[in-house]
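**Student:** just coords:
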Ligand code: UDP
């Protein structure tokens, strides 16, 4: 299946149409952005690494009964995905306090949450992706109440599966962001990607707060060795089979 028209170019991926309207081709880029694209750069090999990590994790989730947009990964940095209408929501799941949760609440970085926290952000660059209350989410008609319940359940199940998987990799899944879409049959599918760009991942063999970081925080905060950290995640993820 060949790539057709460029449909959309985002910060980390380009989406192309294909000859099947139900299928799109996602091309993963090396470009990296942070802080709502105020910081821009490139991470060598990121496109291929994130495509391979996402492919493995989507296959894992599918095997565990989660519906995703993933169909196939025909080349190193390309993924065939089901055409969906993306809900304008970023669903964030947190196991350990980091990033904006720490900054906005004062809870110290690294505090382990007694139960996972699910948050919804408005996917809107112009507004800076603000945190939503459920009333605001419904005010803006970003999802139906039934969809919100479905999203929360799916996010918690995905968290359980991914946390267990990363644990086997010697990596702690601190938090992550998910995006979902609705297909032509109105089914809710997990979309976008799951990678060190969208997850906070801490190496369990390192307690140093900077050394342990294996995700985009290395790029965000100029911690160095970004490519090596992503490669380490890739190697550990691929070393774990997706069988239950
Ligand atoms: N995240 C993301 N894209 C975004 C915002 C957040 O993938 O536009 C991920 C981020 O990598 C982290 C989690 O969502 O794993 C929670 O991010 P947080 O709200 O703490 O924001 P940040 O500190 O990244 O600004």
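**Tutor:** Received the coordinates, thanks. Everything numeric in this text was worked out from a predicted model, so none of it was measured.
**Student:** Residue 200 contacts residue 100, correct?
**Tutor:** No: between residue 200 and residue 100 there is no contact, the gap being 11.2 Å when judged by Cβ atoms under 8 Å. (C-beta placed from N, C-alpha, C; glycine too.)
**Student:** anything in contact with each of those two?
**Tutor:** Counting by Cβ atoms under 8 Å, 6 or more residues apart in numbering, residue 200 and residue 100 have no shared contacts at all.
**Student:** quick one: which of those two has more around it?
**Tutor:** Between residue 200 and residue 100, counting by other Cβ atoms under 10 Å, residue 200 is the more crowded of the two (21 against 14).
**Student:** isn't there a strand covering that one?
**Tutor:** Yes: secondary structure assignment places residue 200 in a strand (DSSP: H, G, I helix; E, B strand; the rest coil).
**Student:** any idea of the pLDDT on it?
**Tutor:** The confidence metric pLDDT takes the value 98 at residue 200.
**Student:** What residues does it make contact with?
**Tutor:** Residue 200 sits next to 96, 98-99, 173-176, 213, 215, 217 when contact means Cβ under 8 Å, 6+ apart.
**Student:** Name the nearest residue to it, ignoring sequence neighbours.
**Tutor:** residue 174 (3.7 Å; Cβ to Cβ, 6 or more residues apart in numbering).
**Student:** pretty sure the one you found contacts residue 93?
**Tutor:** No: with contact defined as Cβ under 8 Å, residue 174 does not reach residue 93; the gap is 10.0 Å.
**Student:** gap between the closest residue to residue 145 other than its chain neighbours and residue 111?
**Tutor:** Residue nearest to residue 145 in three dimensions, not counting chain neighbours: residue 138, with 7.0 Å by Cβ to Cβ, 6+ apart. Residue 138 is 30 Å from residue 111, where distance means Cβ to Cβ, to the nearest Å.
**Student:** ok, which residues in this protein are in contact with the ligand?
**Tutor:** Contact residues (Cβ under 6 Å from any ligand atom) of the chain with the ligand: 90, 92, 98-101, 129, 175-177, 198-200, 216.
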